[in-house]
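**Student:** Dropping the sequence and predicted coords here.
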Amino acid sequence: MKANCWMGKKSVEVVDVPEPKILNARDAIVRITSTAICGSDLHLYNGFIPSMKKGDILGHEFMGEVMEVGPGVKNLKAGDRVVVPFTIACGNCWHCAHDMWSLCENSNPNAALAETLMGHAASGAFGYSHMTGGFAGGQAEFARVPFADVGPLKVDRALSDEQVLFLSDILPTGYMAAEMCDIKPGDTIAVWGCGPVGLFAIKSAFLLGAERVIAIDRFGYRLDMAREKCGAEPLNYEEVSNVPEALKELTGGRGPDACIDAVGLEAHGHGLSYSYDRTKQAVGLESDRPIALREAIMACGNGGVVSVIGVYGGLVDKFPIGSIMNRSLTIRSGQCHVHRYMKPLLERIMKGEIDPAMVITHRLPLADAAKGYDMFLHKEDNCEKVVLSAA
Amino acid sequence: MIHVTKSVTVMKPRAEVFQFWRQLERLPSFMIHLQSVTAVSGKRSHWVAKAPAGTTVEWDADIVAERAGDLLSWRSVDGSEIRNEGSVRFKDAPADRGTEVMVELSYDAPAGAAGKVIAKWFGEEPGQQLTDDLRRFKQVMETGEVVLSDGSLQGTGEGATAERAAQPAGVRA
């Protein structure tokens, strides 16, 4: 089969690899119809996530048709159309039983490596380095889906791939970012990053009752999408000297009630702080550039929540813990517990409350995956979201 | 002499977790360096372990202490090439968290071939082998089997450097 493989830093290639087979009783094999490139795939592409191996199949946002199931899968059969959550969860352990699926205690065969880097391990995930288990991803014609009796969501054929594909990751991820803000009537939420997760966080914040959402980015077309498609007030950080100050002015001096970092470890910025992080990251003294995170903390109003949904991999520098402690801020974070949100968000899609397809700007065949990565990285042609067709 | 202690929490009732371990024949399903354990009589069992270059080492062990649902200890019989003993304690975890399993293992061998076998099993970090064994034990107890990935076709414990790329192997493991 054809699969998009990581070949090294800034290099992906669609090559022929063997087709997947059932390895565990609770596996399913899915023939993929649609798959997408995620902003977090760019962190792998740019070489910021450790434990990648040449030949790893990328991709963690995918859907398709069940071809075969193992003897332990009773709820799916060949021919079912499913969306697959990007985190892999067993459904049996304490964290799965408590609705914290991205912390599944059994789905990461490489937990030891993750424990070394992070203290404890999170769940396995598709196509996202060996630290999350070494699972082949979904930018391919077929994928093996472990614990298929727990994860995949069956979807009606009346809904198009583009309407439901993002239930696999970015829609639940953006929604969880907003949910973590504990939004109350009258709240103003600031969102750093107007990529697809940022846009879904904005939309979700309104669905959860936010009064105002302020969207921060530097790309005009992304700020336009945030305003036109999601109703946010745009703030171009390249046009202001200090984002927290600008946010104060927009909120009567109080600051936003909650701040969402939908940027993560490869943040851009300007001025001395950006050069500092860029240099330290380049020479390996700091793994992540927390520019958006620092701003979100400093900007957040007293007693507010900083919701961190952008991906971080390791260590950051100059972390303003004094601002958090003295001002009673709450930091909330996590890889999305996708399984928790798939059904309720499918219902919102069917009711027309949210149209996930609004973020798609580019559609390419799987064979053109390398072109898709390059366009997405360089924000060419106003690229916001690339969907690859594998059918 | 290698001595390691590790623990894991398994979300199953204490009696069930004890019963699984008490059937020593099942240990190789999660202890990767064991090939087989066979009951010889009520208290005695025969252990076959993997050694370098496709060879094996074997010994007999006796259960020296047993309190149902609570404790199990075993020790290799006198004169074994690899002297070893182990014990497992089972304790209710708080609230709905299942059972805490605490394992202690000791291995000793004179210099020479048997010593090298032990060194190979435990590598530079003796505790890691047992941690990985217990992770697989938890997987078997909670999900039914050892969880495999394309990069880790034998399950937990190969380590990232030993892993193959995350793409299908084309043959069943």
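**Tutor:** Nice, thanks for sending it over. Numbering: from 1, shown residues only, chains lettered A, B, ... in the order given.
**Student:** Tell me, how many residues neighbour residue 136?
**Tutor:** Looking at chain A here, since you left the chain open. 28 (other Cβ atoms under 10 Å in any protein chain shown). For glycine as for every other residue, the C-beta is placed from the backbone atoms N, C-alpha and C.
**Student:** To clarify, I was referring to chain B.
**Tutor:** So residue B:136, with other Cβ under 10 Å, has 24 neighbours.
**Student:** Distance of the closest residue in space to it that isn't next to it in sequence relative to residue A:125?
**Tutor:** Closest residue to residue B:136 apart from its sequence neighbours, by Cβ to Cβ, 6 or more residues apart in numbering or on different chains: residue B:30 at 3.7 Å. For residue B:30, the distance to residue A:125 equals 23 Å [Cβ to Cβ, to the nearest Å].
**Student:** Give me the spatial nearest neighbour of the residue of chain A found nearest chain B, chain neighbours excluded.
**Tutor:** As assessed by Cβ to the nearest Cβ, chain B sits closest to residue A:134 within chain A, at 2.2 Å. In this structure, residue A:134 finds its nearest non-sequential neighbour in residue B:151, 2.2 Å apart by Cβ to Cβ, 6+ apart.
**Student:** can you tell me which residues contact that neighbour?
**Tutor:** A:53, A:56, A:109-110, A:130, A:133-136, B:163-166 (Cβ atoms under 8 Å, 6 or more residues apart in numbering or on different chains).
**Student:** need the contact list for residue A:350.
**Tutor:** residue A:159 are the contacts of residue A:350 under Cβ under 8 Å, 6+ apart.
**Student:** returning to what we had before: what about the contacts of residue B:151, which are in strands?
**Tutor:** residue A:56 (DSSP state E).
**Student:** returning to that earlier point: I'd say the residue of chain A closest to chain B and residue B:163 touch.
**Tutor:** Yes - using Cβ atoms under 8 Å, residue A:134 is in contact with residue B:163, at 5.3 Å.
**Student:** Overlap in contacts, those two.
**Tutor:** Joint contacts of residue A:134 and residue B:163 (Cβ under 8 Å, 6+ apart) are A:53, A:110, B:151-152.
**Student:** which stretches of chain B aren't confidently modelled?
**Tutor:** With pLDDT under 70 as the threshold, chain B has low-confidence stretches at B:110-111, B:124, B:156-162, B:171-173.
**Student:** how about the helices in it?
**Tutor:** B:14-22, B:113-122, B:126-143 (DSSP state H).
**Student:** if we can go back for a sec, okay, the residue of chain A closest to chain B and residue A:314: tell me how far apart.
**Tutor:** Counting by Cβ to Cβ - residue A:134 and residue A:314 are separated by 19 Å.
**Student:** centre of the chain versus the longest strand along chain B, how much separation?
**Tutor:** Assignment by DSSP E gives strand B:56-67 as the longest strand of chain B. Remark: strand B:56-67 is offset 13 Å from the chain centroid, using Cα atoms, centre = their mean, to the nearest Å.
**Student:** what helices or strands is that strand leaning on?
**Tutor:** strand B:44-50, strand B:71-76, strand B:83-92 (3 or more Cβ pairs under 8 Å, 6 or more residues apart in numbering or on different chains; DSSP states H and E).
**Student:** Mind checking those for the one nearest to residue A:181?
**Tutor:** strand B:83-92 (37.6 Å; Cβ to Cβ).
**Student:** is any part of the closest one close to chain A?
**Tutor:** No - if you take Cβ under 8 Å from any Cβ of the partner chain as the test, strand B:83-92 misses chain A, and the best it gets is 13.8 Å.
**Student:** which residues touch the nearest residue to residue A:300 once chain neighbours are set aside?
**Tutor:** Leaving out its chain neighbours, the residue that sits closest to residue A:300 by Cβ to Cβ, 6+ apart is residue A:259, at 4.6 Å. Each residue near residue A:259 by Cβ under 8 Å, 6+ apart is listed here: A:189-192, A:296-297, A:299-300, A:304-307.
**Student:** okay, residue A:134 and residue B:163: which has more neighbours?
**Tutor:** Just comparing residue A:134 and residue B:163: by other Cβ under 10 Å the higher neighbour count belongs to residue A:134, 30 against 23.
**Student:** Which positions in chain B make contact with chain A?
**Tutor:** Residues of chain B lying near chain A (Cβ under 8 Å from any Cβ): B:9, B:11, B:96-98, B:128, B:131-132, B:135, B:138-139, B:142-145, B:147-153, B:155-157, B:159-160, B:163-170, B:172-173.
**Student:** For ChimeraX, what selects the buried ones among these?
**Tutor:** Burial among the residues of chain B next to chain A is assessed by 16 or more other Cβ atoms under 10 Å in any protein chain shown; the matching ChimeraX selection reads:
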select /B:9,11,98,128,131,132,135,138,139,142,143,145,147,148,149,150,151,152,153,155,156,157,160,163,164,165,166,167,168,169
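**Student:** Can you name the residue of chain B nearest to chain A?
**Tutor:** residue B:151 (2.2 Å).
**Student:** Contacts only, for residue 126.
**Tutor:** You didn't say which chain, so I picked chain A. A:59-60, A:62, A:84, A:86, A:88, A:135-138, A:143.
**Student:** you looked at the wrong chain, it should be chain B
**Tutor:** Residue B:126 neighbours (Cβ under 8 Å, 6+ apart): B:2, B:4.
**Student:** Next one: it from residue A:257, what distance?
**Tutor:** 51 Å.
**Student:** on that earlier part again, now could you export just the CA positions of the longest strand of chain B as CSV?
**Tutor:** Extracted in CSV, the C-alpha atoms of strand B:56-67 (Å, rounded to 0.1, in the frame of the first residue of the first chain):
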residue,chain,number,x,y,z
THR,B,56,18.2,-21.9,27.7
VAL,B,57,18.9,-22.2,31.4
GLU,B,58,16.7,-24.2,33.6
TRP,B,59,16.1,-24.7,37.3
ASP,B,60,13.5,-25.9,39.8
ALA,B,61,11.8,-23.7,42.4
ASP,B,62,9.7,-24.2,45.4
ILE,B,63,6.9,-22.0,46.7
VAL,B,64,8.2,-21.2,50.2
ALA,B,65,5.3,-19.0,51.4
GLU,B,66,1.7,-18.5,50.3
ARG,B,67,-1.2,-16.6,51.8
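**Student:** re earlier: assign the residue nearest to residue A:300 to helix, strand or coil.
**Tutor:** Here residue A:259 is strand, with the state taken from DSSP: H, G, I helix; E, B strand; the rest coil.
**Student:** how near is it to residue A:329?
**Tutor:** Residue A:259 is 9 Å from residue A:329, by Cβ to Cβ.
**Student:** and what of residue B:82?
**Tutor:** Distance from residue B:82 to residue A:329, by Cβ to Cβ: 56 Å.
**Student:** show me the residues around the residue most central in space within chain B that make contact.
**Tutor:** Computing the C-alpha centroid of chain B and ranking residues by Cα atoms, centre = their mean puts residue B:31 first, at 3.2 Å. Contacts for residue B:31 (Cβ under 8 Å, 6+ apart) come out as B:133, B:136.
**Student:** rerun at 7 Å
**Tutor:** Counting by Cβ atoms under 7 Å, 6 or more residues apart in numbering or on different chains, residue B:31 touches residue B:133.
**Student:** And the helices in chain A?
**Tutor:** Counting by DSSP H, the helices of chain A are A:39-45, A:94-97, A:111-118, A:161-164, A:170-179, A:196-207, A:220-228, A:243-250, A:272-282, A:291-299, A:321-326, A:338-350, A:369-377.
**Student:** coming back round to it: possible to save the shared contacts of residue A:134 and residue B:163 as CSV with distance to residue A:25?
**Tutor:** Below are those laid out as CSV (distance: Cβ to Cβ, whole Å):
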residue, distance to residue A:25
A:53, 27
A:110, 21
B:151, 20
B:152, 17
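**Student:** wait, which of these is closest to residue A:386?
**Tutor:** Out of these, the member with the shortest distance to residue A:386 (by Cβ to Cβ) is residue A:53, at 23.8 Å.
**Student:** thought that closest one was touching residue B:165?
**Tutor:** Yes - shown here, residue A:53 and residue B:165 form a contact pair, counting by Cβ atoms under 7 Å, at 4.7 Å.
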